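Asker: Curious how this folds, go ahead:
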Amino acid sequence: MIAASGGGSNGSRVRLWKNELQKFADQSGLDITVCHFPQGMCKWNKIEHRMFSYITINWRGKPLRSYETIIELIGNPRTNNESKISAEIGAGIYETGKEISDEELEKINMIRDQFHGDWNYTIGPRTR
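Answerer: Numbering: from 1, shown residues only. Okay, here's the model as predicted:
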């Protein structure tokens with residue numbers, strides 16, 4: 001299960017997000033249940049809420065002048081119960097401006113939940 005933000009690149013209306021989840025479901029053979037928070041409510045995400053304060057404490061307003069500085073500041077904090085954040089630079093080159101057509105969207109094996117099916121759904125592999 002993925003608890004996702006309601007906006008941004010993994011928002012509930014983002015076609016590319018759903019298309020990439022479909023690819024992952026197809027490759028892994030897993031059913032992926034997604035529950036989106038309402039837009040602007042990512043603070044309800046307990047992991048983000050618990051960890052951001054530790055990132056802020058570790059950061060202490062240091063200038064973010066390089067990727068290495070950012071990774072170090074994000075990747076070093078520990079919580080009181082010793083949960084650790086890990087961070088790394090994604091070295092890939094990512095295509096921008098990719099659009100998912102209506103036809104591609106219809107091919108996604110998505111079952112919408114009865115409660116807010118636009119925010120809560122399961123994407124399963126297209127073949128088992």
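Asker: ranges for the strands of the chain?
Answerer: Using DSSP state E, the strands of the chain run over residues 2-4, 32-36, 110-112, 120-123.
Asker: where's Asp102 relative to Glu95, distance?
Answerer: Look at Asp102 and Glu95: by C-beta to C-beta, to the nearest Å, they are 20 Å apart. From N, CA and C alone the C-beta is placed, and that goes for glycine too.
Asker: returning to that earlier point: can you add mean neighbour count, mean pLDDT and distance to Ile74 and give the strands of the chain back as a markdown table?
Answerer: Conversion of those to a markdown table gives the following (neighbours: other C-beta atoms under 10 Å; pLDDT from 0 to 100; distance: least, C-beta to C-beta, whole Å):
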| stretch | mean neighbour count | mean pLDDT | distance to Ile74 |
| --- | --- | --- | --- |
| strand 2-4 | 16 | 85 | 19 |
| strand 32-36 | 18 | 94 | 24 |
| strand 110-112 | 14 | 97 | 32 |
| strand 120-123 | 19 | 96 | 29 |
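Asker: Take the ones you listed and lay them out in CSV including distance to Gln22.
Answerer: Converted to CSV, those look like this (distance: least, C-beta to C-beta, whole Å):
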stretch, distance to Gln22
strand 2-4, 13
strand 32-36, 9
strand 110-112, 8
strand 120-123, 6
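Asker: what about the nearest residue to Glu88 once chain neighbours are set aside, neighbour count?
Answerer: Residue nearest to Glu88 in three dimensions, not counting chain neighbours: Ile71, with 6.6 Å by C-beta to C-beta, 6 or more residues apart in numbering. Neighbours of Ile71 under the rule other C-beta atoms under 10 Å: 14.
Asker: Ok, Glu68 next?
Answerer: If we define neighbours as other C-beta under 10 Å, then Glu68 has 9 of them.
Asker: With Ile100 instead?
Answerer: Ile100: 17 neighbours (other C-beta under 10 Å).
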